[in-house]
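**Student:** please work out how this folds:
(chains A and B)
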Amino acid sequence: MTDFSLKVHYIKHYGIFDLNGMYQMIYNWLVDRGFEVQERKFKHKVPSAAGEEEEIWWSAWIRETDYIRYWIDIIFFFYDIKEVEVVKEGKKKKLTRARILIELNGKVETDWQKKWQKSAFLSQLQKFYEKFVIKKDIDTIWWDKHYYNTLKLHAAIKEWLDQEAKANAFYDVW
Amino acid sequence: MEKKVVVDKLRLTYEGLFSIQDLYKLIDVWFREKGYDKKERIAHERVTPEGKYIEIEIEPWKKYTDYVMSEIKIRMIFSDIREVEVEQEGVKIILNQGKIQMVFDGYLTTDYEHRWEQKPLFFFLRTVFDKYIYRIYTEKYEHHVIEDVNQVHSQVKSFLNLYRYGAEVVTEPPTEPYVGH
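**Tutor:** Here you go, the predicted model:
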C-alpha cells in the first residue's frame, strides 16, 4: 500500500458569504463525482467577542480501479464567525461573515484492498511493480487525473466565494 | 533534490486600471500553453476599507526530463482594489483600479524524485555528476527557465501597458467641481 500525495492548495478569504451553501456545494461536487464523504473531525470553540471558531476535517474517497483509490482531504478553518443579515434583491438573507482558511489536499492510494500485503514476497513484488512497471501510469494517468480533478474543486470553491482570480485555464485537462 | 535559484526576485509594480480576472487568466493560459502544470499555493482575498486585498501565489512546474524540472514562482499582491466603470471605444466596461506588486522567481530542480539521496555515496556522486558532467545540460535548462520567466514577465508588462494607454475615460464622480474658463 503506497500513498502518492498531491500538492497542497490553500484558499484564504475574509468577507460575507453563504457558509451552508458552500458546504452544500462542496458536498454535492464530491458526491456527484462518486466520492464517499466522511466528516472526520468537527471542532467548535466557545464564541468570544470576535465570534465563533470552527475546524472541520473532511475526507472523501473514490475507487478508481481495483488497485487505485483517490482521496481528497479538505480542512476548513473558520475564525471570527458572525451571522449578518443582508438585503439582496429586496429579500432579507442570513449570511456569515468570517475569516476562512481552506486546505485542500489529497492522495492516490495504491493496493487499497491490501492484496499485495499478504506476504513479504508480494510486498517486495508490489514495490518493484510500482517502481518499474506502472510508474509512468501512476505519474501521467492516475496522479495527474486526480490532481487536475482536485484543482477543479479548488476552482469551484473560489468561484463560490466569488474571488477575482477564479479562472482555470486547465479546466479541460481530464 | 537540489533547487537552484536561476531568477531571483524579478519585480513588477503597477498602479492604475486593469482587470484582475483577465490578468490571472492571461498567466494561467500562458503556463498551460507552455506545458506547465498548475499549482496555486495560496489564493487569499479580503475586503478592507481601502478596497480589496488579494494575494495569489502560484508555483507552476514543468518536468524537462526524469531528472530536471523547472519551477516558476509568482507572487501577486493586489491592494486597494476598487471597481470602476470605464469607457473603451465607446463601450462601458467594469475594470479594477489599484496597486499591483508582482515577484517572479525561477528555479531549476534536479533529482526531484530523490533517487540519488538514498545513500551518502549516491549523494556525493550526484553532486560530482551535476557539477562536472551534466553541467552543459543543466546550463541549457537554466536558460529555458530564465527565458520562460522573462517571457511571462514581459507578457504581464505588455498586458498592463494596454490598460495604461487603452482606457479613454474613467467615469468616476469627480472629486473637485470643474471650473471652466
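
**Student:** now do the lengthiest helix in chain A, average pLDDT.
**Tutor:** When chain A is parsed with DSSP state H, its longest helix is helix A:144-160. The predicted model assigns helix A:144-160 a mean pLDDT of 94.

**Student:** which elements pack onto that helix?
**Tutor:** strand A:9-17, helix A:19-32, strand A:68-88, strand A:91-110, strand B:40-48 (3 or more Cβ pairs under 8 Å, 6 or more residues apart in numbering or on different chains; DSSP states H and E). Any C-beta I mention is one placed from the backbone N, CA and C, and that applies to glycine too.

**Student:** hmm, the longest one touching chain B?
**Tutor:** No. Contact between strand A:68-88 and chain B is absent, the nearest approach being 11.7 Å (criterion: Cβ under 8 Å from any Cβ of the partner chain).

**Student:** residues from chain B in reach of chain A?
**Tutor:** Going by Cβ under 8 Å from any Cβ, the residues of chain B near chain A are B:20-21, B:24-25, B:28-29, B:31-32, B:37-47, B:52, B:54-56, B:78, B:81, B:96.

**Student:** what's next to stretch B:103-119, contact-wise?
**Tutor:** Applying Cβ atoms under 8 Å, 6 or more residues apart in numbering or on different chains, the external contacts of stretch B:103-119 come out as B:1-12, B:61, B:63, B:66-75, B:122-123, B:125-126, B:130, B:134, B:138, B:141-142, B:145-146, B:148-149, B:152-153.

**Student:** mind listing what's buried in it?
**Tutor:** When burial is assessed from 16 or more other Cβ atoms under 10 Å in any protein chain shown, stretch B:103-119 yields the following buried residues: B:103-112, B:116.

**Student:** quick one: mean pLDDT over it.
**Tutor:** Averaged over stretch B:103-119, pLDDT sits at 89.

**Student:** centre of the chain to it, how far?
**Tutor:** 20 Å (Cα atoms, centre = their mean, to the nearest Å).

**Student:** what about dumping the CA coordinates of it to PDB?
**Tutor:** C-alpha atoms of stretch B:103-119 as PDB (Å, rounded to 0.1, in the frame of the first residue of the first chain):
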ATOM      1  CA  VAL B 103       7.600  39.000  -7.700                       C
ATOM      2  CA  PHE B 104       8.900  36.300 -10.200                       C
ATOM      3  CA  ASP B 105      11.300  33.600  -9.200                       C
ATOM      4  CA  GLY B 106      12.700  30.800 -11.300                       C
ATOM      5  CA  TYR B 107      14.200  27.600 -10.000                       C
ATOM      6  CA  LEU B 108      15.800  24.600 -11.600                       C
ATOM      7  CA  THR B 109      15.300  21.500  -9.600                       C
ATOM      8  CA  THR B 110      17.500  18.400 -10.200                       C
ATOM      9  CA  ASP B 111      16.900  14.900  -8.800                       C
ATOM     10  CA  TYR B 112      13.300  15.700  -8.000                       C
ATOM     11  CA  GLU B 113      12.500  12.100  -7.500                       C
ATOM     12  CA  HIS B 114      15.100  11.800  -4.700                       C
ATOM     13  CA  ARG B 115      16.700   8.900  -6.400                       C
ATOM     14  CA  TRP B 116      20.300  10.000  -5.600                       C
ATOM     15  CA  GLU B 117      19.800  10.700  -2.000                       C
ATOM     16  CA  GLN B 118      19.300   7.300  -0.600                       C
ATOM     17  CA  LYS B 119      23.000   6.700   0.300                       C
END
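
**Student:** if we can go back for a sec, show the buried residues in the contacts of stretch B:103-119.
**Tutor:** By 16+ other Cβ under 10 Å, the contacts of stretch B:103-119 give B:2, B:6-7, B:10, B:12, B:61, B:63, B:67-75, B:126, B:130, B:134, B:138, B:141-142, B:145-146, B:148-149, B:152-153 as buried.

**Student:** in helices, which of these fall?
**Tutor:** If you go by DSSP H, the buried ones among the contacts of stretch B:103-119 have B:126, B:138, B:141-142, B:145-146, B:148-149, B:152-153 in helices.
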